[in-house]
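Peer 1: I'll drop the sequence and a predicted model, then ask my questions.
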Amino acid sequence: DGGITQSPKYLFRKEGQNVTLSCEQNLNHDAMYWYRQDPGQGLRLIYYSQIVNDFQKGDIAEGYSVSREKKESFPLTVTSAQKNPTAFYLCASSIARNNEQFFGPGTRLTVL
Amino acid sequence: KQEVTQIPAALSVPEGENLVLNCSFTDSAIYNLQWFRQDPGKGLTSLLLIQSSQREQTSGRLNASLDKSSGRSTLYIAASQPGDSATYLCAVHYGGSQGNLIFGKGTKLSVKP
């Protein structure tokens, strides 16, 4: 089955901790994205990558970091510098920039 | 600023009714537009993609139209069913260097049996 997987489904973070959210795709897509979803708001772009070993900041990148060492994988680290990290995080991919995007099942992060 | 607006924010209809969800965007120079469905606590499922050169796309009971000049798209759902209950999101590609989607806040649909 082709698709996008995210893990874990639920994640709890203590104050001052860094946590990493996993995103893997087997669709052979070049482009990958991380969005954040908060209640009552539209999805907002955190980071995106158009190709391996290259990534760019989105609209709300402060307090987050990413890597793209493999085409299939685009992990997101939420650092202690992110002041309000409690949210639903969604990973997406597309064949190339501006093509139809497909989303993973999401990770819900809660700060304790 | 490029913004996407969805009205209404919530909609409740009886089963079997045909309904229309609305999406408007401030900048008409779009590359394409996607409609998604999101169930509570789940990821997004892509329903339809309309390219800027197209006027409409159909998939089963769903029909999406696009009017670039007026900055509007509609999602028509025929013969609604309780299983259609979900939040429907409209998102616009502007073809920029980021390649990201600009999302509306969604319309929460409830179809009553």
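Peer 2: Cool, the structure landed.

Peer 1: Please count neighbours and contacts with C-alpha atoms only from this point.
Peer 2: Fine.

Peer 1: what residues does chain A put near chain B?
Peer 2: A:33, A:40-45, A:48, A:56, A:58, A:90, A:97-98, A:100-106 (Cα under 8 Å from any Cα of the partner chain).

Peer 1: could you give the mean pLDDT of the strand or helix carrying residue B:110?
Peer 2: Here residue B:110 sits within strand B:107-112, counting by DSSP states H and E. Taken as a whole, strand B:107-112 carries a mean pLDDT of 98.

Peer 1: quick one on the thing from earlier: would you list the buried entries among the residues of chain A next to chain B?
Peer 2: A:33, A:42-45, A:48, A:58, A:90, A:97-98, A:100-106 (16 or more other Cα atoms under 10 Å in any protein chain shown).

Peer 1: would you list every one of the strands in chain A?
Peer 2: Using DSSP state E, the strands of chain A run over A:4-7, A:10-13, A:19-25, A:31-37, A:44-51, A:54-57, A:64-66, A:76-78, A:87-94, A:102-103, A:107-111.

Peer 1: typo on my end, it should be chain B
Peer 2: Counting by DSSP E, the strands of chain B are B:4-7, B:10-14, B:19-25, B:32-38, B:44-51, B:56-59, B:62-67, B:72-77, B:86-93, B:101-103, B:107-112.

Peer 1: which residues sit against the last one?
Peer 2: When contacts are taken as Cα atoms under 8 Å, 6 or more residues apart in numbering or on different chains, the neighbours of strand B:107-112 outside the stretch itself are B:6-15, B:21, B:80-89.
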